[in-house]
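A.B. asks: Quick one, what's the 3D model for this:
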Amino acid sequence: MNSEIEEKHEQIVALDVPSSREAAEAVRRIGDAVSFYKVGLELFVADGPETLRMLRGEGKRIFLDLKLHDIPRTVARATESCMRFGVDLLTIHAQGSSAMIAAAAEAVRQAGAGTRILAVTLLTSLDASDLSALGVTRSVEEQVFELGRLAVGSGAHGLVCSPREAAALRAALGPSPLLVTPGVRPAGADVGDQKRVSTPYDAILAGASHVVVGRPVMCAPDPRAAALAIRAEIERAEAALMSRQQ
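C.D. replies: Numbers count the residues shown, from 1 in each chain. Presented below is the predicted three-dimensional model:
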């Protein structure tokens with residue numbers, strides 16, 4: 001069973017590599033600068049179980065980002081399988097329906113596990129033109145808000161959202177739900193294929209509980225130093241939040 005997740009201001013590094021061997025090398029290079037890692041679809045399909053066992057063996061926490069989207073029974077059973085690896089955070093698609101979200105949350109409750117279900121509202125690679133092409137008439141902000149409210153109301157423990165929507169979601173949903181924000185880049189970094197991005201500092205100020213950083217750490221000449229710099233930026237944001245409360 002998982003230990004209790006520290007639910008504020010975590011840096012999660014995305015292991016966007018094609019093999020468990022490369023993931024293990026990255027984890028060793030970063031060392032104690034990071035305790036939380038994301039395993040996404042590419043790595044999971046290639047070497048999923050081996051990678052998850054490696055991370056647990058290194059004492060790391062796991063964000064398994066599979067974005068499950070299927071009928072409720074299938075998602076519930078997939079959630080049960082993921083929990084066997086000691087996964088801390090697991091993603092499903094908010095668009096999968098209230099019944100599907102509730103089925104995943106119920107699987108966690110029945111198991112008495114520490115896994116938290118995160119619903120993905122809208123991929124950070126999408127913008128208004130993409131929604132229009134898909135026949136969605138809401139704005140990006142409206143779509144994220146409605147899907148987020150549906151997911152949390154159906155039992156999700158938190159959401160995956162762009163940093164740009166974090167403030168509105170935090171204001172609407174209160175302090176309890178986790179808000180995990182990909183699309184985070186240090187100031188001046190290349191945004192890559194992300195369209196709705198923010199700095200770690202701004203994401204935390206907006207209400208994010210966890211920021212996901214991939215290439216700015218993984219592709220840095222010194223990944224450990226890059227991770228420590230992002231941690232320092234998060235701590236500056238925490239200090240700013242404390243000042244606001246005083």
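A.B. asks: Near Gly86, how many residues? Count them for me, please.
C.D. replies: Gly86 has 19 neighbours, counted by other Cβ atoms under 10 Å. For the C-beta atoms, the positions are set from N, CA and C on the backbone; glycine is no exception.
A.B. asks: Could you check how far Leu241 is from Asp47?
C.D. replies: 38 Å (Cβ to Cβ, to the nearest Å).
A.B. asks: Neighbour count for these two, which is higher?
C.D. replies: Legend: neighbour count by other Cβ under 10 Å for Leu241 and Asp47, higher for Asp47 (21 against 14).
A.B. asks: got the contact list for that one?
C.D. replies: Applying Cβ atoms under 8 Å, 6 or more residues apart in numbering to Asp47 gives the contacts Ser19, Ser20, Arg21, Ala23.
A.B. asks: and which of these is nearest to Ala208?
C.D. replies: Checking those against Ala208 with Cβ to Cβ, the nearest one is Ala23 at 24.2 Å.
A.B. asks: ok, and what's touching the lengthiest helix in the chain?
C.D. replies: Among all segments of the chain classified by DSSP state H, the helix with the greatest residue count is helix 223-245. Contacts with helix 223-245, where a contact means Cβ under 8 Å, 6+ apart, come from 9, 11, 13, 26, 29-31, 33-34, 186, 199-205, 211, 213, 216-217, 220.
A.B. asks: Show me the longest strand that occurs in this protein.
C.D. replies: strand 61-68 (DSSP state E).
A.B. asks: Contacts for that one next, please.
C.D. replies: 2, 5, 12, 14, 35-41, 44, 52, 55-56, 75, 78-79, 82, 85-93, 96, 104, 120, 160, 180, 210, 212.
A.B. asks: Give the pairing partners of that strand; include direction for each.
C.D. replies: strand 36-39 (parallel), strand 89-93 (parallel) (DSSP bridges).
A.B. asks: quick check, Pro165 in a strand?
C.D. replies: Not Pro; residue 165 is Glu. No: remark: Glu165 does not belong to a strand; assigned using DSSP: H, G, I helix; E, B strand; the rest coil, it is helix.
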